[in-house]
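Chemist: Return a 3D structure for these sequence lines:
(2 chains)
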Amino acid sequence: MSATAQKNTMYRRPQGHAALVFFLLLGVLPLAAGLVYAGLYSFGLIGYLRAGFTLQYWYITLTYKALWASLALSLGFAATVSAVSFFLALRCVIALHPHLKQRGVRFSLHLPLALPPLVAAFVSFQWLGGTGMLARGAHAIGLIQATDAFPVLVNDPYYIGVFVTLLLLNFPFILLLVLDQYDRAGIPEYVHLAATLGGNSAQIRRKVIQAILIHRVLPTLVLYTVFLFGAFEVPLLLGQQSPAMISVLISQKFSKFNLADVPVAYACVVLYAGVLLVLIACFWRWHFRQSPNSEHA
Amino acid sequence: MRKILIAILLSAIIACNTQAPKPADQDWLNTPWPAIEQAAKGSTVHLMMWQGDPLINAYMAEWVVPALKKRYDINLDIAPGQGTEIVKVLLAEKDAGKQNSSIDLCWINGETFFQLRQINALYGPYAPKLPNAQYIDFENPFIGIDFQQKVEGYECPWGNVQLALIYDTLRTPVPPVTMEAFETYCKAHSGKCTLPYEFTGMTLLKSWLITLAGGGNALDGPFDEKRYQELSTKLWAYINRVKPYFWRKGVTFPESLAAMHQMFANGELDFTMSNNDNEVDNKILQKTFPGTSKSFVFESGTIQNTHFMGIPSGAVNKAGAMVVVNFLISPEAQFQKLLPDVWGDGTILSIEKLPDEWKTKFENVPQRHNALLRSAIQPFALKEPAPEYMIRLYSDFRKFVIEQ
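Modeler: Coordinates of the predicted model:
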């Protein structure tokens, strides 16, 4: 019996149906209900202060330039952090594979995963801030004349502090993912085969290792990018107000002083979810076309 | 597996059908006070309040909570949450049609009062019912009127504070006490000044708006769109003129007062500020600020603000909440709160109305150390303008300053 047939048989079992119902009830239904609620709220159809169907909140949302800037910033930022994390991880795995398999090293890679983003943001603030430890250190060894002369690395217009913090938080996870796929894919055998066929080290690295790992890791990496797209605590503490990361902007709409902003915040949520769903759908469509027989299909 | 699934679905249906206990709908406003105290005995009151200051937390946890338990057998359960969070919780409950609120009592001020009144989320008029309300002068415009709205018994005053700026006398021997002097100072000390993009920062902007309007009572009365446009244009011009000399060149502003306090403490900023005019003493006591720190107010005045206790209309334990508020406005609790080493929060009691014993105590309260005396800053107190000014300033600050 083929693997696909086995899979189909499994889903026909009662347990398979129950699991599917569980997933729909606990995983999909609450989220879908939340989105429907947000949608109805944004059209003025529900909520204590509702005044009947209106498009005014959507008009405000769609013409709100800062929102589009935030969406673009968040998307670009999430993609950049994911891509840099991945390529760094790839380099590390290729160069240090035997060392990374050692128990102590592998355990130490899990440590940043235990650090809550809020704590990581505070730590970054203490290190990178204008009077932080790096600034004081640079001042102490005479690199700068006053701590004020230290470059701006937090709340900076280029999001350097946010980038560094998210990279430090995410890189170990991506590294573990790549390391795991390196072992599962049997890369050493492919490398050996390619070398036997006359491939040089650059060709083997680019056309064998990199190609296989990108193919295997990409779906998870895309989902992780989606997760980063909604990063909140780190940009809240270390980012700047304009443009703000999308989750920070929406949170401000929800929690500040104007009750009339609440339906607008819900419209922003629907837009945010819509943009993500479209991007995810586009990615899967592209991915299936690229590899129709992949295990993810 | 199917049985488990059916069991879960049935449990969910039963849970949905379970009747929530009906809210306590007794007419407490017409119930004799001893009966209210009796009903409150042995109950738990859920209070939601800002918990961002160790001294305030200590006052509540170590003094108020034990005293309430001992005298009234009331358990005061304090949950963190301030203005906008309280509004979110109560609005969500209203949206869901929930009759019983998870909050019995909340610490609020004008802009929250405005929002909660919009959604009919406050119970009242309960304040005049409290026995200790006899010591409050509701005719005092700083007490009886909140952001130009008549309180009308739907919230009870708890404390009174005035916006003050904090500086270090070693770094800034002479603080800038006018808007012009502040601009000059910022230009001469680039990157050392800013204002927080939150409630306290907006309170400073309101103070400046009143100054630009001519000072004093210039913005009394309801919100005036035309006036706002005219004054805010001047205000944004002033701020954008100073902006390049602000911290981070005004590209970003601190999101919280705590961040600003920290930057002042480590020398990154020359000023911080607080809505509590005694904050400088509190922070020196906590060893957060250097002992050379002092406070000042602008010659053109700063906003004086009363903070209140509100009971949600859906509060389950209204009787308990009323007893708690009555205790919080008692001369004893107000005196304890006023002590500079405890909290230093201004009292809302009228000293003239107090019994002689308490009058003497209040008149001989220990002096502040580095904070300006309340009597010294009272002449510079400005009333809160209508809440719409704050709402507009908050959104327009983003539009005309941050996003510029």
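
Chemist: shaky segments in the chain?
Modeler: Picked chain A for this. Counting by pLDDT under 70, chain A contains low-confidence residues at A:1-14, A:292-297.

Chemist: meant chain B, my bad for not saying
Modeler: For chain B, counting by pLDDT under 70, the residues that fall below are B:1-25.

Chemist: Kindly report the residues of the stretch 101-250 of chain B close to chain A.
Modeler: Within the stretch 101-250 of chain B, the positions adjacent to chain A are B:Glu111, B:Gln115, B:Gln118, B:Ile119, B:Gly191, B:Tyr197, B:Arg248 by C-beta under 8 Å from any C-beta of the partner chain. Where you see a C-beta, it was placed from the backbone N, CA and C, and this is true even at glycine.

Chemist: mind listing what B:Leu209 touches?
Modeler: Taking C-beta atoms under 8 Å, 6 or more residues apart in numbering or on different chains as the contact definition, B:Leu209 lies against B:Leu219, B:Leu231, B:Ser232, B:Leu235, B:Pro385, B:Tyr389, B:Leu393.

Chemist: CA atoms only for the host helix or strand of it, dumped as PDB, please.
Modeler: Counting by DSSP states H and E, the element that carries B:Leu209 is helix B:199-213. Backbone C-alpha positions of helix B:199-213 (Å, rounded to 0.1, in the frame of the first residue of the first chain) are rendered in PDB as follows:
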ATOM      1  CA  PHE B 199      -1.400  60.400  29.400                       C
ATOM      2  CA  THR B 200       1.200  62.600  31.200                       C
ATOM      3  CA  GLY B 201       2.600  63.900  28.000                       C
ATOM      4  CA  MET B 202      -0.900  64.800  26.700                       C
ATOM      5  CA  THR B 203      -1.500  66.600  30.100                       C
ATOM      6  CA  LEU B 204       1.600  68.700  29.400                       C
ATOM      7  CA  LEU B 205       0.200  69.500  25.900                       C
ATOM      8  CA  LYS B 206      -3.100  70.500  27.400                       C
ATOM      9  CA  SER B 207      -1.300  72.800  29.800                       C
ATOM     10  CA  TRP B 208       0.400  74.400  26.900                       C
ATOM     11  CA  LEU B 209      -2.800  74.600  24.900                       C
ATOM     12  CA  ILE B 210      -4.400  76.600  27.800                       C
ATOM     13  CA  THR B 211      -1.300  78.800  27.900                       C
ATOM     14  CA  LEU B 212      -1.600  79.500  24.200                       C
ATOM     15  CA  ALA B 213      -5.300  80.300  24.700                       C
END
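
Chemist: Who are the packing partners of the helix or strand following it?
Modeler: Note on helix B:199-213: by DSSP H and E, the next helix or strand toward the C-terminus is helix B:225-242. Applying 3 or more C-beta pairs under 8 Å, 6 or more residues apart in numbering or on different chains; DSSP states H and E, one finds that helix B:225-242 contacts helix B:179-188, helix B:199-213, helix B:387-397.

Chemist: Now do the buried residues in the helix or strand that helix B:225-242 is followed by.
Modeler: Using DSSP H and E, the helix or strand that follows helix B:225-242 towards the C-terminus is helix B:257-265. Buried positions in helix B:257-265, judged by neighbour count with 16 or more other C-beta atoms under 10 Å in any protein chain shown: B:Leu257, B:Ala259, B:Met260, B:His261, B:Gln262, B:Met263, B:Phe264, B:Ala265.

Chemist: what do you get for stretch A:75-93?
Modeler: Neighbour-count burial for stretch A:75-93 flags A:75, A:77-78, A:80-82, A:84-86, A:89-90, A:92-93 (criterion: 16+ other C-beta under 10 Å).

Chemist: Over to stretch A:109-128?
Modeler: Residues of stretch A:109-128 classed as buried: A:Leu109, A:Pro117, A:Ala120, A:Ala121, A:Phe122, A:Ser124, A:Phe125, A:Trp127, A:Leu128 (neighbour count, 16+ other C-beta under 10 Å).

Chemist: Pick the one among the residues you listed closest to chain B.
Modeler: The shortest gap between chain B and any of the buried residues of stretch A:109-128 belongs to A:Phe125, at 8.4 Å (C-beta to the nearest C-beta).

Chemist: now, the most widely separated pair of the residues of the stretch 101-250 of chain B next to chain A?
Modeler: Maximum pairwise distance among these (C-beta to C-beta): 42.3 Å, between B:Ile119 and B:Gly191.

Chemist: that older thread, and the buried residues of stretch A:75-93, which of them are in helices?
Modeler: Judged by DSSP state H, the subset of the buried residues of stretch A:75-93 located in helices is A:75, A:77-78, A:80-82, A:84-86, A:89-90, A:92-93.

Chemist: residues in the stretch 1-150 of chain A within reach of chain B, list them.
Modeler: So far as C-beta under 8 Å from any C-beta goes, the stretch 1-150 of chain A lies against chain B at A:14-15, A:18, A:21-22, A:46-49, A:66, A:129-131, A:147-148.

Chemist: list the contacts for the residue of the stretch 201-350 of chain B found nearest chain A?
Modeler: With C-beta to the nearest C-beta, the shortest gap between the stretch 201-350 of chain B and chain A falls at B:Thr252, namely 3.7 Å. If a contact means C-beta under 8 Å, 6+ apart, then B:Thr252 has A:Asn155, A:Asp156, A:Pro157, A:Gly239, A:Gln240, A:Gln241, A:Ser242, B:Ile402 as its contacts.

Chemist: quick one: contacts for the nearest residue to it once chain neighbours are set aside?
Modeler: With C-beta to C-beta, 6 or more residues apart in numbering or on different chains as the measure, A:Gln240 is the residue that lies nearest to B:Thr252, at 3.7 Å, once sequence neighbours are left out. A:Gln240 is in contact with A:Asn155, A:Asp156, A:Pro157, A:Tyr159, B:Arg248, B:Val251, B:Thr252, counting by C-beta under 8 Å, 6+ apart.

Chemist: Quick check: the two most widely separated of the residues you listed?
Modeler: A:Tyr159 and B:Arg248 (13.0 Å).
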